[in-house]
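Enquirer: Here's a sequence, model it:
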Amino acid sequence: MQTATIQFDHFNALADKEAGERIRAAKAALGKKAVLLCHHYQRADVYEHADLTGDSLKLSRLAGEAEAENIIFCGVHFMAEVADILSRPEQISILPDLAAGCSMADMANLAKVERCWRELSALMNPDEKITPVTYINSAADLKAFCGTHGGIVCTSSNAPKILEWSFNQREKVLFFPDQHLGRWSGYKMNIPLDEMVIWNPDLEQGGLTREQISKAKIILWHGFCSVHQMFQPRDIIKFRNQYPDGIVISHPECGFEVCKQSDYIGSTEYILKTVKEGPPNTRWLVGTELNLVERLAREVKAEGKIVQFMASTVCMCSTMQRIDPQHLAWTLENLVAGKTVNQIKVPEHEAVPAKTALERMLAVS
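Expert: Down below sits the predicted model:
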């Protein structure tokens, strides 16, 4: 007799502690059949159960190397899609809560990007070509779009290197969905700010003139991270006034002026490595997601390092917070019972070109 899928209603009322105990029991029962991948922004009571942790680039690699038949991704939807694309056909990618999305990724959809592509093709000079580059924080169909049109994927770790590759292919770059990562990466390549223009998909011709498009090296999508846009230059000024010897480190999804006023800029992996390897008894102001900052502060406290969150208001990745102990326990216990819930399966017509774009990225990286 076939076992019925366990409904989530049975888990919704669980206390976090009890859910944690059931997660540990289910993981023990599954053994090597399942691997838990956790992004650094994940909440602490889920992160503690991770088998593997990392930022988007690291987790992209780990997803492709995983040996377990079930990859449980404690992150957001696009991350589980990447795991499905890069894993073997017999492996299953699972997202404990399908509502765990990414507001930045939602700012660029395929219909709008395709329209932008057509309009740019009509507005550019006949001899000019453009390389589409999508940040990994995007849906699988946009990665597929890039794969089909000679483009590539990037992460916050490798964006400048990916841009260098892109300019070796064609004269211009269409960069989506995060304008801030694209602008900072271009700036680090000495591209003038007036040669990086914003394409607003809700305006005719993106709100740009033919002359602006002709002059531009990078056309930036009008998108951003709702967490990183909270950080402001005034937060850094206040910190430096209080602690002249303090060190500021930020994620490149932050606004341009925040990046410019920071001492270090880099991905979550870079931030962790830089602070952990920094001198003892130093004070750091960190401009990235709250869960990562609080975890880092605890880890380096014994060395006399003080790690402060940059914003004066609490801001965390609210969509990633949807992956909670209750959803994770539910997912794992269903696997123990031989049932798969919330499988993420990218259609083959998207997975094949998306994999091409991701493999280009991994080769360049």
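Enquirer: Please enumerate the helices of the stretch 251-365 of the chain.
Expert: With helices called from DSSP state H, counting those that start in this stretch, the stretch 251-365 of the chain shows them at 256-261, 268-277, 290-300, 325-336, 348-364.
Enquirer: got CSV for those helices, with distance to residue 176, mean pLDDT and mean neighbour count too?
Expert: Any C-beta I mention is one placed from the backbone N, CA and C, and that applies to glycine too. What follows is the helices of the stretch 251-365 of the chain, written out as CSV (distance: least, C-beta to C-beta, whole Å; pLDDT from 0 to 100; neighbours: other C-beta atoms under 10 Å):
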stretch, distance to residue 176, mean pLDDT, mean neighbour count
helix 256-261, 17, 98, 18
helix 268-277, 21, 96, 18
helix 290-300, 24, 94, 19
helix 325-336, 30, 96, 24
helix 348-364, 13, 96, 18
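Enquirer: And these: which comes nearest residue 10?
Expert: Residue 10 sits nearest to helix 325-336 of all these, at 7.7 Å, using C-beta to C-beta.
Enquirer: quick revisit: can you tell which of the helices of the stretch 251-365 of the chain is closest to residue 6?
Expert: Of all the helices of the stretch 251-365 of the chain, it is helix 325-336 that lies closest to residue 6, at 5.2 Å by C-beta to C-beta.
Enquirer: Now do that closest one: distance to the chain's middle.
Expert: Distance of helix 325-336 from the chain centroid (C-alpha atoms, centre = their mean, to the nearest Å) equals 24 Å.
Enquirer: by contact count, what packs against that helix?
Expert: Applying 3 or more C-beta pairs under 8 Å, 6 or more residues apart in numbering; DSSP states H and E, one finds that helix 325-336 makes contact with helix 9-12, helix 16-30, strand 34-39, helix 44-47, strand 70-74.
Enquirer: Go ahead and name everything in contact with that helix.
Expert: Helix 325-336 is contacted by residues 5-6, 8, 10-12, 14, 16, 19-20, 22-23, 26-27, 29-30, 33-34, 36, 45-46, 49, 70, 72, 74, 94, 96-97, 340-342 when judged by C-beta atoms under 8 Å, 6 or more residues apart in numbering.
Enquirer: Selecting buried members of these in ChimeraX, what would you type?
Expert: ChimeraX command restricting the contacts of helix 325-336 to the buried ones, with burial defined by 16 or more other C-beta atoms under 10 Å:
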select :6,8,11,14,19,20,22,23,26,27,30,34,36,46,49,70,72,74,94,96,97,341,342
